[in-house]
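S.K.: predicted structure and sequence below. I'll ask about it afterward.
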Amino acid sequence: MDGRTGKGERTRARLLEVAVRRFAAEGYRRTSLSAVADDAGVTPAAAYAYFRGKEGLFEAAVDADAAALIDEALGGLGEGAMVSPHSLLLPLLVAGLETHPLARRVLAGQEPEVIDRLLALPSLLELRARVADGLALAQSMGAVRADIDPQSLSIGLETVVLALLIASLQVHGVDEERTAGVGAVFDAILKSPPAVPPRR
């Protein structure tokens, strides 16, 4: 990596760090690209070199905060837990929202401009792929039913998790009992049924 490339990556990372903080505190409408650039110690023109205006910066900031939240949740699963992430991942994501206010703000419906693009965020596509890989591994170990497509199931899991987070945050905050209930439902769906002894 040459010096210019390294400096460029650091500048982009700094802009994202400031943008996450600014957008989380002040929202999309009240945050200007020039204010983010100023806080990051660069000119607005420099910011445009990395992002397609304020909208592009906002989407990148949301994805960066979501990616950090997901990485922390997956890291908290522990060794081997990716073979059955469905019951543990949701509580970890819920807990992590407290330290990822921009992700929380978007899920809470405070930024309606971006909610329709939420499912296309690279961080969520990566999560979907990692969950599918974990489920496929669990199938190979006999821990999950073999008659379910991991790709389809990972999309379903993502949809249910997002729906619960959005509904909970917009109505009354995250309900631990509902969180546990969703995990229990997925446990019941995914487990291989016990072998039925042959009739005599």
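M.R.: Arrived safely, thanks for sending.

S.K.: by contact count, what packs against the biggest helix by length in the chain?
M.R.: Determined from DSSP state H, the single longest helix within the chain is helix 3-30. Contact analysis of helix 3-30 by 3 or more CB pairs under 8 Å, 6 or more residues apart in numbering; DSSP states H and E lists helix 33-40, helix 53-75, helix 101-107 as its packing neighbours. C-beta here means a position set from N, CA and C on the backbone, and glycine is covered the same way.

S.K.: what average pLDDT does the last one get?
M.R.: Across helix 101-107, the average pLDDT comes to 93.

S.K.: tell me what the helix or strand just after it is packed against?
M.R.: Later in the chain than helix 101-107, the nearest helix or strand by DSSP states H and E is helix 112-115. Applying 3+ CB pairs under 8 Å, 6+ apart, one finds that helix 112-115 contacts helix 53-75.

S.K.: mind saving the C-alpha coords of the helix it packs on as CSV?
M.R.: Extracted C-alpha coordinates of helix 53-75, given in CSV (Å, rounded to 0.1, in the frame of the first residue of the first chain):
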residue,chain,number,x,y,z
GLY,A,53,-22.8,13.9,-1.8
LYS,A,54,-24.6,13.9,1.6
GLU,A,55,-26.9,11.0,0.6
GLY,A,56,-24.0,8.8,-0.3
LEU,A,57,-22.2,9.7,2.9
PHE,A,58,-25.3,8.9,4.9
GLU,A,59,-25.8,5.5,3.3
ALA,A,60,-22.2,4.6,3.9
ALA,A,61,-22.4,5.8,7.5
VAL,A,62,-25.5,3.7,8.1
ASP,A,63,-23.8,0.6,6.6
ALA,A,64,-20.6,1.2,8.6
ASP,A,65,-22.6,1.4,11.9
ALA,A,66,-24.7,-1.6,11.0
ALA,A,67,-21.6,-3.6,10.0
ALA,A,68,-19.9,-2.7,13.3
LEU,A,69,-23.1,-3.8,15.2
ILE,A,70,-23.2,-7.1,13.3
ASP,A,71,-19.5,-7.8,13.7
GLU,A,72,-19.8,-7.3,17.5
ALA,A,73,-22.9,-9.5,17.7
LEU,A,74,-21.3,-12.3,15.6
GLY,A,75,-18.1,-12.0,17.7
